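Enquirer: Structure here, sequence nowhere to be found:
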């Protein structure tokens, strides 16, 4: 996700493209790889963070599709497509699932248009996540999301790019107040570790993009105020409901890097 507009500027690093690079993608430019290499060199666990976050998202979407009746998903700050995107995971388990992706990065929107050609139950909305009212009222959203029925709202690795004075809790609260009971919220977020790795990672993010806010587990949980946080609570993403395909979590200690991204799911009663 970027905050400078929906056009592609190959001279400025993009959060979505740097993340794509860390995940091994090809939709990035030299300026993005330069920043990504800073993370890889100075913060060697950055790639593990990216993959741990993505795996937790895949598990969360799969669980919602398999175990609940929710068939509508809004992915806020969706980033560039990778393997197992939200619509692919949800529709694998529940083919009737409908997904709205929201981002304002130009590269994301280019790929979004390709998605529209291949999947009539997927839409892409070119707006900033800090404009939740605009997202909800957008014609593409209204076309496939029925707000009288439960919705899964996804904030995967996006709210740590929203500064405190931009009221990230207010963004979540808007969606909490505008979806019906039975809706689900999934959130992942960089977490403060009170250690050198956390301090350095936050510094790199702020210097590169001019924004970024690591938060404690209590602050992350507060973003979900008014919602029922489900087990196991706010935990490192690798420990959020792991399955046998995600490695031997629980049989070894997580690295300090794996502790830097937290995840949680909540439900509106």
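Expert: Looks like it arrived, so ask away. Not measured: the values here are computed from a predicted model.
Enquirer: where does the stretch 101-250 of the chain dip in pLDDT?
Expert: Scanning the stretch 101-250 of the chain for pLDDT under 70 picks out the ranges 106-108, 111-113, 115-116, 210, 244-250.
Enquirer: Off-centre distance for the helix or strand where residue 90 lies?
Expert: Using DSSP states H and E, residue 90 sits within helix 86-93. On the basis of CA atoms, centre = their mean, to the nearest Å, helix 86-93 sits 16 Å off its chain's mean C-alpha point.
Enquirer: what's the next helix or strand after that helix packed up against?
Expert: Note on helix 86-93: by DSSP H and E, the next helix or strand toward the C-terminus is strand 98-102. In terms of contacts (3 or more CB pairs under 8 Å, 6 or more residues apart in numbering; DSSP states H and E), strand 98-102 is packed against strand 72-76, helix 86-93, helix 106-118, strand 122-125, helix 139-144. Where C-beta positions appear, they are placed from N, C-alpha and C, glycine not excepted.
Enquirer: Tell me the buried residues in the longest helix seen in the chain?
Expert: Longest helix in the chain, counting residues (DSSP state H): helix 46-67. For helix 46-67, a neighbour-count test (16 or more other CB atoms under 10 Å) marks 46-65 as buried.
Enquirer: I'd like the average pLDDT over it.
Expert: Per-region confidence: helix 46-67 scores 92 on mean pLDDT.
Enquirer: how much does that helix deviate in direction from strand 98-102?
Expert: In terms of direction (axes from the mean of the first three to the mean of the last three CA atoms, to 10 degrees), helix 46-67 departs from strand 98-102 by 150 degrees.
Enquirer: Just want the angle from the helix or strand containing residue 33 to helix 46-67.
Expert: Per DSSP H and E, residue 33 falls inside helix 30-42. Following the same axes, to 10 degrees, one obtains 100 degrees for the angle between helix 30-42 and helix 46-67.
Enquirer: list the helices and strands helix 30-42 packs on?
Expert: Helix 30-42 sits against helix 15-22, helix 46-67, helix 196-209, with contacts defined as 3+ CB pairs under 8 Å, 6+ apart.
Enquirer: buried sites along stretch 74-93?
Expert: Quick answer for stretch 74-93 (16+ other CB under 10 Å): 74-82, 85-91.
Enquirer: tell me how far that stretch is from the chain's mean position?
Expert: On CA atoms, centre = their mean, the centre of stretch 74-93 falls 10 Å from that of its chain.
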